[in-house]
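Novice: With the sequence up front, the predicted model follows.
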Amino acid sequence: MLLARVITGLILAPLAVSAVFYLPPGWFAFIFWGVAALGLYEWAGFLGLETFAKRLIYVALYGLIALTVWFIPEVNGFILGIGCLTWLLAIIGVLLFPRGESLYRNRLLAGLTGLTIGVAAWVAIVDVHGAEQGSLWIVWLFLVVWGADVGAYFAGRAFGKRPLAPA
């Protein structure tokens, strides 16, 4: 398991960093749209969309929204605001748990949340990439996320007694 993670990291990390520094804006947006699409494909599984066709429809909806946003960049601020509001509501939901538990099981709400966060994250990374020193900020973000992931993996191996998500 660890060896596979290390090999994957040694291959993907240089590709990701190279993409950040060397891809023109359109290609950068397309590549990272694809990365987000993979995440939303997985999110569709959490929603209970078990067939490939249903997951593909969900990802296609994301693609349609992202394509619309790409051609109407004036809405980027609105999209980012909606994404921040969604995260704020999610934090409030976590703090209030288990009250309102039926909301967490609502597949339509979960689907909209995934789309909102997916599109907002894509808009954010594309906008940051286009900013002055944006590539450096994105690489910093990668390093923080990768560091947290590696730290969590080893902390879990060293101190974990029970699996976080055994199934």
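Specialist: Noted; the coordinates are in hand.
Novice: Name the residues that touch the helix-or-strand element of the chain with minimal mean pLDDT?
Specialist: Taking all helices and strands of the chain together, the one with the lowest average confidence (mean pLDDT, DSSP states H and E) is helix 101-104, at a mean of 78. The set of residues external to helix 101-104 that reach it, using C-beta atoms under 8 Å, 6 or more residues apart in numbering, is 93, 97, 109-110. Backbone N, C-alpha and C define where each C-beta goes, glycine included.
Novice: how about a cut-off of 10 Å?
Specialist: Contacts made with helix 101-104 from outside it, assessed by C-beta atoms under 10 Å, 6 or more residues apart in numbering, are listed as 89-90, 93-94, 96-98, 109-110.
Novice: Quick check on the residues you listed: which are buried?
Specialist: By neighbour count, with 16 or more other C-beta atoms under 10 Å, the contacts of helix 101-104 hold Ala110 as buried.
Novice: Return the list of helices and strands in contact with the longest helix along the chain.
Specialist: Looking only at the chain and at elements set by DSSP state H, the helix with the highest residue count is helix 134-159. Other helices and strands packing on helix 134-159, by 3 or more C-beta pairs under 10 Å, 6 or more residues apart in numbering; DSSP states H and E, are helix 2-22, helix 25-46, helix 107-130.
Novice: ok, Thr116 - how many residues close by?
Specialist: 18 (other C-beta atoms under 10 Å).
Novice: Could you do the one 5 residues further on as well?
Specialist: Ala121 has 16 neighbouring residues, counting by other C-beta under 10 Å.
Novice: can you tell me how far it sits from Trp43?
Specialist: For Ala121, the distance to Trp43 equals 12 Å [C-beta to C-beta, to the nearest Å].
Novice: Now list whatever residues contact both of the two.
Specialist: Ala36.
Novice: residues in contact with the spatially closest residue to Gly9 that is not a sequence neighbour?
Specialist: Nearest-residue entry for Gly9: Trp146, 7.5 Å, with adjacent residues in sequence omitted and distances by C-beta to C-beta, 6 or more residues apart in numbering. With contacts defined as C-beta under 10 Å, 6+ apart, Trp146 is in contact with 9, 12-13, 16.
Novice: Please point out which parts of the longest helix of the chain sit buried.
Specialist: 134-135, 138.
Novice: do the same with stretch 4-21
Specialist: Under the neighbour-count rule (16+ other C-beta under 10 Å), stretch 4-21 has 16, 19-20 buried.
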